[in-house]
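[1] Have a look at this prediction, sequence included:
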Amino acid sequence: MNSESLYQFSIPTVLLLLFAFYSGTYLLTLRIGKKQEDADAFMVSNHRVGFGIGAASMTATWIWAASFYAAATSGYTYGVSGPIHYGLWGALMILFIYPFGRRFRKLAPNAHTLGELIHARHGASSQLILALSNVLGSVISLMVNFTAAGALVAVLSPLSFQAGVIIAGTGVLFYTLWSGFRASVLTDFAQLVALMAIAVVIIPAVFFAMGGPTELVAGLSNLTAEQANFFSMEAILNQGAPFFVAVLAYAIGNQTISQRLFAVNEAHIKPTFLTATVGYGAIVIGLGMIGLMALTLGIEPMGGDMNNLIPQMVSSYLPPLFIALFFILVIGSLSSTADSDLSALSAIMMADVYGKNIARGKADPKRMLLIGRLTMIVATAVGILFASFSLDILVMLVFVGALWGAIVFPVIASCFWNRVTNQAFTTSVLVAMVLFCLARFELLPLDGASGLFFELLASIGGGVIIGLMVFGFLGRIAGFIAAALALVSMLVFATGFLHEYTVLLASLTAYGASTLVCVVMSLMSRQPDFDFATIGEQVGDYDAPRPEPVTQGNQTASANAAIPR
Amino acid sequence: MIGPAGEFDMTMLYGFYVLIWPALTLGVLVLICRAVLRDWRAARKEQRELV
């Protein structure tokens, strides 16, 4: 069964939907708007955002338009396990960062960006590497979200792609510009409520409209053996494993997560991240099931474009009201992520660039606010421009992927191990990026001795990922044991064939190389051990001094920072 | 989900597999809304802003 075309809204209807969404969101931000915002609140609110708003904001930020399309594509391509291999790993990105997040927060309770913490730990070069990776990530995210808006508007209405991009870009800027992060988290809550309510209705509605479980089971005969297998190796190696590798990298490399980490009430970090994990997983896997439904029905994506799968299913089986709800669902998800990216970019320019490297401790909060707002305007313009011209960002994506993979170990190690040096941090990231590019673009032959070299580095990378994940939850000894076991398993089972999976090999190489260089250089260094208690003293608020927040155990943050983990 | 002969009822199993996600979503939605309401009340009581 195939749909010839998708349902089309008239131009007034689609404009009305967009106007209702963005003006409603703007009106919401008026409730919290202050005539004179302060710089700290513009970046991280009051460091005391509650569990509900925090969890909603984290979930809404992590769900972007691509989450639905990619989860459905995964379901359509890999069958029964496909949605899990997209949504589960995306959800675990939130979960696995929280134990490290608690450490970041203890070290620098008044920070606004992870870069500020790294600046206090190492200095400018390491901080700017991290800030650069954050900026690139957020610009790409902005562009992808604006592109999704343009594509949705073009597919469901006679309006052009560019019109959709411009409306979404200006709409998001409109409600975020004045109050920054505060506007972002408040509107995230409203957007998430709409998004979840619509997902709760749309998934069962499509499911029963297509014939329910009976029809789904009958359609399983259309699946290949791999697609019908819940433990499909094809799905694991092509979809699950590359995502699993990126679990820590995405969260470390993303300022939108760190910003929320430094904004939520410290006592609520754990429930906030746990709830966001479940919320993200449930929504994204659920919408990914629509791709599986399309596969069992034998539906071909319109024009061969997988992004048409969900609109096509909704359009084929549900009345126009549901299509309007779906439209709001996608606009809400992309707007919540885009406003978070704008807030993240402004915080990086305000704190990491201006606060730490230009003003050098003498930052003027009013000037910071101006920089933050100008950043938002420029970032929106860049996002709209890149999206409108459908620029090829593949190289940028590859570069950011390498950078994110390369910084994971140095960032985490810098916060737990007092011997890591600035030189070790910077050199390890640069070496890892070079080796990543050599593997990713196959600039060296990936068979024979050089292939084995990369597989060895990748095996170390595999050990590092598993080790860090276990370390985060169970501590140092368990982490070392898990890393050793993973390394041995990788050496036994992965060497000899991993070079056939270039993306996976290159990603793991970035982890392995940065870890190896960082550890060796740190061990060889003769610098005195770092005193972690100094971080809390160096990273603080920019506006008028406030009493130091009291953290868990009724101790001040500086005192907590000195407590060994 | 187990049939009379002890076999898996595939229809039930797949129905559960698809519908568990919106059910979980609904659970998280209720949890978040209740938490925000609590936060809002606490903020009002303490005469401070929610965000």
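    Thanks, I have it.

[2] contacts and neighbour counts: CA atoms only from here.
    OK.

[3] correct me, but A:L342 touches A:R373?
    No - A:L342 is beyond contact range of A:R373, at 9.1 Å (criterion: C-alpha atoms under 8 Å).

[4] any shared contact partners between those two?
    A:G180 (C-alpha atoms under 8 Å, 6 or more residues apart in numbering or on different chains).

[5] The two: who's more crowded?
    A:L342 (31 against 26; other C-alpha atoms under 10 Å in any protein chain shown).

[6] Rounded mean pLDDT for the helix or strand hosting that one, please.
    Applying DSSP states H and E as the criterion places A:L342 in helix A:320-347. Mean pLDDT, helix A:320-347: 95.

[7] can you check stretch A:25-35 too?
    Here the average pLDDT along stretch A:25-35 is 92.

[8] sorry, back to before: near chain B, anything from the helix holding A:L342?
    No - on the criterion C-alpha under 8 Å from any C-alpha of the partner chain, helix A:320-347 is out of touch with chain B, staying 13.9 Å away.

[9] Please spell out which residues along the helix or strand following that helix are buried.
    On the C-terminal side of helix A:320-347, the closest following helix or strand by DSSP H and E is helix A:365-388. Within helix A:365-388, the residues that count as buried by 16 or more other C-alpha atoms under 10 Å in any protein chain shown are A:365, A:368-369, A:371-373, A:375-377, A:379-388.

[10] give me the element the residue nearest to A:P410 when sequence neighbours are not counted is part of.
    Excluding the flanking residues, the one nearest A:P410 by C-alpha to C-alpha, 6 or more residues apart in numbering or on different chains is A:F425, at 5.5 Å. According to DSSP H and E, A:F425 maps onto helix A:422-440.

[11] Quick check, A:I166 in contact with A:I384.
    Yes - counting by C-alpha under 8 Å, A:I166 sits close enough to A:I384 to count as a contact (6.3 Å).

[12] tell me, what's touching those two both at once?
    With C-alpha under 8 Å, 6+ apart as the test, A:I166 and A:I384 both reach A:F146.

[13] Flag the shaky bits of the chain, pLDDT-wise.
    No chain specified, so I'll use chain A. A:1-4, A:392-394, A:545-565 (pLDDT under 70).

[14] oops, I was thinking of chain B
    B:1-7.

[15] Could you verify my assumption that A:G164 touches A:A149?
    Yes - if you go by C-alpha under 8 Å, A:G164 and A:A149 touch, sitting 5.6 Å apart.

[16] More neighbours: which of those two?
    Between A:G164 and A:A149, counting by other C-alpha under 10 Å, A:A149 is the more crowded of the two (28 against 25).

[17] Mind telling me what element B:D39 is part of?
    Under the assignment here (DSSP H and E), B:D39 is part of helix B:10-45.

[18] tell me what that helix is packed against?
    helix A:51-62, helix A:181-209, helix A:212-218, helix A:269-297 (3 or more C-alpha pairs under 8 Å, 6 or more residues apart in numbering or on different chains; DSSP states H and E).

[19] would you list those in CSV and tack on distance to B:Y14 and mean neighbour count?
    As requested, the helices and strands packed on helix B:10-45 are exported to CSV (distance: least, C-alpha to C-alpha, whole Å; neighbours: other C-alpha atoms under 10 Å in any protein chain shown):
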stretch, distance to B:Y14, mean neighbour count
helix A:51-62, 26, 29
helix A:181-209, 11, 23
helix A:212-218, 6, 18
helix A:269-297, 11, 26
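
[20] Nearest to A:I140 among these would be which one?
    helix A:51-62 (14.1 Å; C-alpha to C-alpha).

[21] Tabulate the CA atom coordinates of that closest one in CSV.
    Output in CSV follows, covering the C-alpha atoms of helix A:51-62 (Å, rounded to 0.1, in the frame of the first residue of the first chain):
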residue,chain,number,x,y,z
PHE,A,51,12.9,18.5,39.4
GLY,A,52,9.8,18.9,37.2
ILE,A,53,11.0,21.8,35.1
GLY,A,54,14.6,20.3,35.0
ALA,A,55,13.4,16.9,33.8
ALA,A,56,11.0,18.4,31.3
SER,A,57,13.7,20.7,29.9
MET,A,58,16.3,17.9,29.7
THR,A,59,13.9,15.6,27.8
ALA,A,60,12.6,18.3,25.5
THR,A,61,16.1,19.5,24.6
TRP,A,62,17.4,16.0,23.9
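
[22] Can it be said to contact chain B?
    Yes - against chain B, helix A:51-62 shows contacts by C-alpha under 8 Å from any C-alpha at A:F51, A:G52, A:I53, A:A55, A:A56.

[23] just to revisit the earlier point, centre of the chain versus the helix holding A:L342, how much separation?
    Centre-to-centre, helix A:320-347 and its host chain are 15 Å apart (C-alpha atoms, centre = their mean, to the nearest Å).

[24] tell me the angle of that helix relative to helix A:51-62?
    100 degrees (axes from the mean of the first three to the mean of the last three C-alpha atoms, to 10 degrees).

[25] Give me the buried positions along helix A:320-347.
    Residues of helix A:320-347 classed as buried under the neighbour-count rule (16+ other C-alpha under 10 Å) are A:322-347.

[26] follow-up on the earlier one: near chain B too, which of the buried residues of helix A:365-388?
    Checked against chain B using C-alpha under 8 Å from any C-alpha, the buried residues of helix A:365-388 give no members in range.

[27] buried sites along the helix holding B:D39?
    B:10-11, B:14-15, B:18-26, B:28-29, B:32-33, B:35-36, B:39-40.

[28] Alright, that wraps it up for me.
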